[in-house]
Each structure stands twice: as C-alpha cells, then as structure tokens.
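Chemist: sequence below, structure please.
(one chain, ligands or ions: 1)
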Amino acid sequence: MTENIIDLNQINVEFKDGEKQVKAVTDVDLQVEKGDIYGIVGYSGAGKSTLVRVINLLQKPTSGKVKVNDQDLLALKPEALRQARTKIGMIFQHFNLMKSRTILGNVEYPLFKTKLSKDERLKKATELLRLVGLDQRKNDYPRQLSGGQKQRVAIARALANDPDILISDEATSALDPKTTLSILNLLKQLNQKLGLTIVLITHEMQAVKEICNHVAVMQKGEVVERGTIESIFSTPKKLLTQEFINIATNVGPAVQKVTENPKFQHLSPDQQLVQLNFIGKSTEEPIISTLAKQFNVDGNILFANVEQLHSETLGFMILVLAGKPTDITEAISFLKVNQVRVKLLNQATESEVTG
Ligand SMILES: Nc1ncnc2c1ncn2[C@@H]1O[C@H](COP(=O)(O)OP(=O)(O)OP(=O)(O)O)[C@@H](O)[C@H]1O
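Modeler: Numbering: from 1, shown residues only. Sure thing, here's the model as predicted:
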C-alpha cells in the first residue's frame, strides 16, 4: 500500500487585498506519496506558491485539513509545529543565502538550533556540501559562486535538518537550461539516495518532464488536471495542459511554424496536414510505411520528436499525408485503431479525430 506523506484536503486560501477578497487557492486536494517527485505547474498567479506554503503552514489556510507525516499540522502546539517544519525543507528562485557567511557558514546556520557541538555542525555541513558537489568551495562566499552553485548551497542548507520533504519553489527559474538540468538531476539523485519526497513548483512543464512522477496543473487557484507524468503527457484533457505539453515537447512552436507557412495553407484535396501523437507500443510500429503500403498514402514528415518518460515512449509528428481523399480517411481510421491521436491541422477549425 502506498503512503501519503502529504495529504491536503479541501484547502482554501483567501487574502484581503484592500477592499477586495482574493481567492488564491480554491478547494484543492493534494496527496503526495512518500518518495515521490510531484510537480505543480501553472502560470504566474495560479496559486502554486500559496498552496505549497500551506504544506508547512507558512501560509495558514482559510479552511481545509493539512496532514503531513501523519500529523494534523493545524492541531499542533507552536513547539511541535516548529519541530514538524524542520522536516520540510524549502528552496527558492533567489537562493536567499547570507552574503556575509561562507558557504559552509550558510549550511551550518540551521544547525545552530540543534544540540550538535560546533565540530559536529561543521562536519555535517561539510558532508552536505559534499553531497551537492561543493565541499571544495566551502570557504568561499556566495558572491564567488555561479547561480547553479548558489542553488546547490541552498539545497545543502535545506537538507541540514534531514527533512523528509523538500519543496522547490521555482528553484531553477533563474538558471540557464544547462544549469537547470544539472540542478534537476541533483534533486533526482537526492530523491533516490535519501528517499526524499520532492514537491516541485514550476511554470515549465520541461522541468516536470525531467524528474517528476506525478503532476498537477493549476489555474486560477484550482487544480484543473492531475495524474502520472505518462498519462498527462499522452492524454492531456485540458487546453491549458496541452499548451504546457506542446511547449515542453517543442510541438507548439513547430505547429505554429508549419501552419503559418503559406506553402501548407492551401493544400490540394489530395493532401492533409496532420499532427500525430504516438503512445507506447505505437511508437515501435512502422506506421508511416504501413500507410504507404496498405493505403497508398504517403507521409511527408515536417517535424518529429520522441520523448522517453520513465516507462513510456511518446512520439510527436507533423506530416502531410498525400493520397486519394478516401484513402486518407481510411489511413486516419487505421491510425486511430493503432492508438495514434490524430489532429487535422489547417482546417477552418483544427479538429481532433481521435483520442
Ligand atoms: N499575501 C497576499 N496578499 C494578497 N494577495 C496575495 C498574497 N499572496 C498571493 N496573493 C495572490 O494570490 C494569487 C496566487 O498567488 P501565488 O503567488 O500563489 O501564485 P503562483 O502560481 O505561485 O505565481 P508566481 O509564480 O507568480 O508566484 C495571486 O493572485 C496573488 O496576487
């Protein structure tokens, strides 16, 4: 049986903004299993930060239940809540390191509240810096480090109290793509090595795709869609989710480029511009050659991308099908039977044939 380390129930958060009442989070349930990496994705203002701040009660909900590590956080006395919070680490976009302390001093800082001796504190801080690959730089100051290195220090500091949960609030948003990937890989390693449960907030589905097992999509304070990473990527239901996935897989820009190209705007009746999404087994089938052999329909590939997500392979393709209109219709039906989602592009309204 799986165990939920985080169990948020019917969470509502309202703010008073002058005369106005702002609903930042509305009726959200969130269950995260121990050892999971759970992504929460949404555009700015969707309520992601407010929701995760409820997990450690940095933000008290207006209503709802907050259970973390089997404890009802809202029922805890201040000292017990302080203890419970030490088991929930947090990292942010802007690192929040102390400029006047060395990086060893930064990582040592949260340990002042423990019973450890100075030697023990320094030993532990050094070990944590080794874990994030920065023990050689321990006497440097934050200003001497790159953004990625500063985030590594922040991660080491967040791990000082041996937390069970790490919340990452847009921690890679200020980093370049290569550094982002190295930080995400570090989080993945920590998840595997320490059994750390990670909640990753981001506006980039790309980051979610790299390391998350589950994802929730937020819009206007609500979770509008959620599921395993494979199910969300293969069969996104909401337009917003499709938009995030199209960006993460480069399909969105490719569709835009192709459909804006005059060459593909006035195709003959013997041609059809389509977007195909392949899932699982269908990515291994020689589908395009089957269309030619069995239906006399040629496929001219304009864009293709294959994504490996844990156990699942997903393929994305844009192509022009060429053949007799009746053959094209039959070919599309064949694709449908073979679990390929087909979207007709360049029609008055883009239409989804299958899925
Ligand atoms: N302390 C506050 N007082 C008033 N309104 C707030 C407060 N904190 C957040 N809000 C509002 O709540 C909504 C959700 O904000 P939140 O920061 O949780 O969104 P987000 O998805 O994390 O976006 P971002 O990535 O921009 O932080 C926004 O409309 C925001 O303006």
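Chemist: quick check: closest non-adjacent residue to whichever residue of the stretch 51-200 of the chain sits closest to the ligand.
Modeler: In the stretch 51-200 of the chain, no residue comes nearer to the ligand than E170, which is 6.0 Å away by C-beta to the nearest ligand atom. (Glycine included, C-beta is placed from N, CA and C.) In space, and not counting its chain neighbours, E170 is closest to Q93: 4.3 Å by C-beta to C-beta, 6 or more residues apart in numbering.
Chemist: quick one, phi/psi of that neighbour?
Modeler: The phi and psi values for Q93, taken as degrees, to the nearest 10, are phi -60, psi -40.
Chemist: quick one, grab the pLDDT at it.
Modeler: Q93 carries a pLDDT value of 93.
Chemist: for N96, same thing?
Modeler: Looking at N96, the pLDDT reads 92.
Chemist: check P236 too.
Modeler: Per-residue confidence (pLDDT) for P236: 89.
Chemist: distance of it from V306?
Modeler: 17 Å (C-beta to C-beta, to the nearest Å).
Chemist: out of those two, which sits in the busier spot?
Modeler: More crowded of P236 and V306, by other C-beta atoms under 10 Å: P236, with 21 against 12.
Chemist: correct me, but that one touches I245?
Modeler: Yes - taking contacts as C-beta atoms under 8 Å, P236 lies within contact range of I245: 5.4 Å.
Chemist: in the strand or helix carrying M90, which residues are buried?
Modeler: M90 is part of strand 88-92, with elements assigned from DSSP states H and E. Within strand 88-92, the residues that count as buried by 16 or more other C-beta atoms under 10 Å are I88, G89, M90, I91, F92.
Chemist: for the second one, give me its contacts.
Modeler: Read that as G89. By C-beta atoms under 8 Å, 6 or more residues apart in numbering, the residues touching G89 are A158, L159, A160, N161, P163, I165, L166, I167.
Chemist: burial count for the fifth one?
Modeler: Okay, so that is P163. Applying other C-beta under 10 Å, I find that P163 has 19 neighbouring residues.
Chemist: can I assume it sits in a helix?
Modeler: No - P163 is assigned coil when assessed by DSSP: H, G, I helix; E, B strand; the rest coil, not a helix.
Chemist: show the pLDDT at the closest residue to L166 other than its chain neighbours.
Modeler: Distances taken as C-beta to C-beta, 6+ apart place G89 nearest to L166, at 4.6 Å, with adjacent residues excluded. Per-residue confidence (pLDDT) for G89: 96.
Chemist: where do the strands sit along the stretch 251-355 of the chain?
Modeler: Using DSSP state E, counting those that start in this stretch, the strands of the stretch 251-355 of the chain run over residues 271-279, 298-309, 312-322, 340-344, 351-352.
Chemist: out of those strands, which is closest to T329?
Modeler: Closest to T329 of the strands of the stretch 251-355 of the chain, according to C-beta to C-beta: strand 271-279, at 9.0 Å.
Chemist: now the angle from that closest one to strand 340-344?
Modeler: If you take axes from the mean of the first three to the mean of the last three C-alpha atoms, to 10 degrees, strand 271-279 sits at 150 degrees to strand 340-344.
Chemist: for E352, give me the pLDDT.
Modeler: At E352, the pLDDT value in this model is 49.
Chemist: then E284?
Modeler: For E284, the pLDDT comes out at 63.
Chemist: so L122 sits right up against V107, yeah?
Modeler: No - the criterion here is C-beta under 8 Å, and L122 misses it with V107 at 9.4 Å.
Chemist: hang on, L104 packs against K124?
Modeler: No - between L104 and K124 there is no contact under C-beta under 8 Å: 10.5 Å.
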